[in-house]
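1. sequence first, then the predicted structure, then my questions.
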Amino acid sequence: RQAPKKHWNSLSRALSRQEGYVGPLSWTGTMFEFFMPRLLLSAQEGSMNYEALRFCLHCQRRRPPRGVPWGISESGFYAFDSNLSYQYKAHGVPRLALKRGMGSELVISPYSTFLTLTTDPEVAMTDADFIFAQMRVGLYAMREQDEKIPLKYGVVGQETCGPGGLAYGLRTIYPMVELIDYCEKYAKPTYWIVNYSNPAAIVAKATFRLRPKARILNICDMPVAIERNMAEILECDRHDLEVDYFGLNHFGWFTKVRLNGEDVTEKLKSYVAEHGYMPQNAKSDVLHSDPSWLHTYANAKNICSAFHDYLPNTYMQYYLLGDEVVKSSDPNHTRANEVMEGREKRIFDAVADYRAGKDVDLTKFFGGVHGEFIVDVAMSLAFDLRKRYLVMVENNGAVENLPSDAMVEVPAYITDRGPEPVRVGEIPTFYKGLIEQQEAVEKLIVDAAVEHSYEKALMAFTLSKTVPSLLVAKKILDDMIVANKAYWPELH
C-alpha cells in the first residue's frame, strides 16, 4: 500500500558507513537495487543518489575474496528444484542489506558488474586493454538532418554517403580524437581501439592524420553483412567463406569469393545480377530487415548486371544509382525515421514493459554479425590468431595504383601487432577513377576540419559524385552549417 503524499517528506532510509563511504541500505543489498535506476535517472555529483552509488560500489568490490570477480545481484544460480530447473533469487552484500543472512552464499553475476559502467573517462579507461568505439554525435536528430537536407535539393540523403556522410564526418572527427587522447592518457600502453564509428573512412583518415601513433583499428560490418547474405544464397556457413576485396569504406568491391577453397564468384555474380543480395529462403533473417534495407539488397542487381568484373558493396548504389535512390526516397520520412520508429521504439517499449513487470520477448534483440564481427577482430588482436578480416589500413602499396596515404579497406591478417594487409595489386581504370574521386572528397573534408576552411568543405561537397553542381553543393553546405552549429568546427 502506498503511503499518502503528506508522509512522503518524512520517509527515510537507514544509512550505513564503511571506510569513509556513507549510503542507504536496501532490503537485499543487490547491485540491481542501487544501479538499475541510474539507467533512467541522473545522479549528480554530491547528491544522495550519487553517494549511494559510490557506497554500493565500494561495498560490492569489498565483498568477494581476493581474486574473485565482484558484482552481486539477483540472478540464476547453480541449484535445482524438483524439475531440475536452475533456481533464481536475490543475492546481495550483507553490508548493504537490511535482510539478514545475505552473506551465506556468494554468487557473482556479470550483469551486476556491467550495471556500474561509467561515463567518467578516467574510471572507464584506466588500464584498459580494449576500447570498443561506436559514437553517433548528435544522435538520430542529426542523422535526420544529414538525410533530409540533401533530399531537399534532389541529392542522395544518406548518413555515411554524399553530403550527409561529410556532415556526419565533421561532427565525429574531434570527438574521436578526444577518445584517442583519453586512451593515451589512461589505458594500457598496449591498448587497442576497435572502431565502428561512422563515417569510418573519414574517421580513419582524420585519426591517422591527427594521431598517427594511435593504436586504432577501424572496421565496418557492412561487408560482413553482405557475406552473411552470400552464405544464405549459397546455403552455407558464413565462416566457410573467404573473400578478396578492395576499396574505401562503404565504397568497394568483392573480387573473389571462395567457399571452403572453391571459387564461387561467378555463381554469385549470376545470382546477384538477377536477384541482388536477397536470399530466396523464405525463412531468412534478411527478409525481416527494414524496407529500406530490402530495397538496398535488391538494388545490387542493377549494378552487377551492368558491370560484370566484381560484386559491389551495397553502398555503391548511392554513387552509381543516385537518381534512382532519390526518386525512391521520401524527403519527409527517411531511414532515420524508420530506425526511430522501428528498432529504437522496440527497445524503448521493451524497457517500459520490463519496468512495468511485463514479459519481454528478448528474441527481438540480438547483435547478429555486427556484434560478432567486432568481438572476432578483438580476439584475433588479443591472442595473435592471425584471422583474415576486411579492415581499414593505410594503403602503402596494398592497392598498387592508389595513393599510398589512402585509407583503403582490404583483407588483412589480424595479429597482436595489428593488421598485416593482403596485397591486392593494380585495379582497373573504372574502379580506380571512382575511388580516387571519393578519396579526394574524404581528404578535402578532413582538410576542412583541420584548417577550419569553408572553401575546402565546399570543394568536398562539390566533388562528391552524389552532388550535381557547385551551386547545389553550396546550398546544402550552408544549410548543414546552420544545422550543425553545435557540433562542427567553425568554418571560415
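-> In hand now; what should we look at? Just so we're clear, the structure is a prediction, and the values are computed from it rather than from any experiment. Numbering: from 1, shown residues only.

2. isn't Ile427 right next to Ala406, touching?
-> No - with contact defined as CB atoms under 8 Å, Ile427 does not count as touching Ala406 (11.7 Å). Where C-beta positions appear, they are placed from N, C-alpha and C, glycine not excepted.

3. can you pull the residues that touch both of these two?
-> Overlap of the contact sets of Ile427 and Ala406 (by CB atoms under 8 Å, 6 or more residues apart in numbering) consists of Val399, Ile435.

4. now do the residue nearest to Glu33 when sequence neighbours are not counted against Ala187, distance only.
-> Spatial nearest neighbour of Glu33, excluding adjacent residues (CB to CB, 6 or more residues apart in numbering): Ser26 at 4.0 Å. As judged by CB to CB, to the nearest Å, Ser26 and Ala187 stand 34 Å apart.

5. for Lys256, helix, strand, or coil?
-> Classification of Lys256 by DSSP: H, G, I helix; E, B strand; the rest coil places it in strand.

6. next up, the contacts around it.
-> Here Lys256 is in contact with Val243, Asp244, Asp263, Thr265 (CB under 8 Å, 6+ apart).

7. looking at this protein, which helix is longest?
-> helix 162-186 (DSSP state H).

8. how far out from the middle of the chain is that helix?
-> 13 Å (CA atoms, centre = their mean, to the nearest Å).

9. what comes up buried for it?
-> For helix 162-186, the neighbour count (16 or more other CB atoms under 10 Å) marks 162-174, 176-177, 179-180, 182-183, 186 as buried.

10. so who does the residue nearest to Glu33 touch?
-> Glu33, Phe34, Gly92, Leu96, Ala97, Leu98.

11. which two from those residues end up farthest apart in space?
-> Using CB to CB, those span at most 13.3 Å, a distance reached by Phe34 and Leu98.

12. between the two, which is the more surrounded one?
-> Higher neighbour count among Phe34 and Leu98: Phe34, with 25 against 15, using other CB atoms under 10 Å.

13. residues in contact with that one?
-> Contact analysis of Phe34 by CB under 8 Å, 6+ apart lists Ser26, Ala52, Leu53, Cys56, Leu96.

14. and the residues you listed, which is closest to Lys301?
-> Leu53 (53.9 Å).

15. contact partners of the particular helix or strand that has Val375 in it?
-> Assigned by DSSP states H and E, Val375 falls within helix 368-383. With contact meaning CB under 8 Å, 6+ apart, helix 368-383 is reached by 129-130, 132, 192, 194, 196, 217, 219, 221, 224-225, 227-228, 238, 285, 385-387, 389, 391, 414-416, 418.

16. report the buried residues of it.
-> Buried residues in helix 368-383 (16+ other CB under 10 Å): Val369, Glu372, Phe373, Ile374, Asp376, Val377, Ala378, Ser380, Leu381.

17. Serialize those residues to CSV and add fields for distance to Ala206 and pLDDT.
-> As requested, the buried residues of helix 368-383 are exported to CSV (distance: CB to CB, whole Å; pLDDT from 0 to 100):
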residue, distance to Ala206, pLDDT
Val369, 26, 88
Glu372, 27, 92
Phe373, 22, 95
Ile374, 20, 95
Asp376, 26, 96
Val377, 21, 97
Ala378, 22, 96
Ser380, 25, 97
Leu381, 22, 97
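
18. show me where this structure dips below the pLDDT cut-off.
-> Residue ranges of the chain with pLDDT under 70: 1, 8-9, 11, 119, 282-283, 287-288, 355, 363-367.

19. gap between stretch 109-117 and the chain center?
-> Using CA atoms, centre = their mean, the offset of stretch 109-117 from its chain centre is 21 Å.

20. so for that stretch, what gets flagged as buried?
-> Ser109, Ser112, Thr113, Leu115, Thr116.

21. what about the strands in the stretch 101-250 of the chain?
-> 130-133, 192-195, 216-218, 241-248 (DSSP state E, counting those that start in this stretch).

22. pull out the buried positions in the first one.
-> By that I understand strand 130-133. Residues of strand 130-133 classed as buried: Phe130, Ile131, Ala133 (neighbour count, 16+ other CB under 10 Å).

23. for the residues you listed, give me a markdown table that also has distance to Ser73.
-> Formatted as a markdown table, the buried residues of strand 130-133 follow (distance: CB to CB, whole Å):
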| residue | distance to Ser73 |
| --- | --- |
| Phe130 | 25 |
| Ile131 | 26 |
| Ala133 | 28 |
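
24. so Ala43: helix, strand or coil?
-> Assignment for Ala43 (three-state DSSP): coil.

25. correct me if wrong: it contacts Arg54.
-> No - if you go by CB under 8 Å, Ala43 and Arg54 don't touch, sitting 9.4 Å apart.

26. which parts of the stretch 201-350 of the chain are helices?
-> Secondary structure of the stretch 201-350 of the chain (DSSP state H, counting those that start in this stretch): helices at 222-234, 265-275, 291-304, 317-320, 322-327, 335-341, 343-355.

27. for Met480, which of the ones you listed is the nearest?
-> Set against Met480 and scored by CB to CB, those come closest in helix 335-341, at 15.0 Å.

28. thanks a lot, catch you later.
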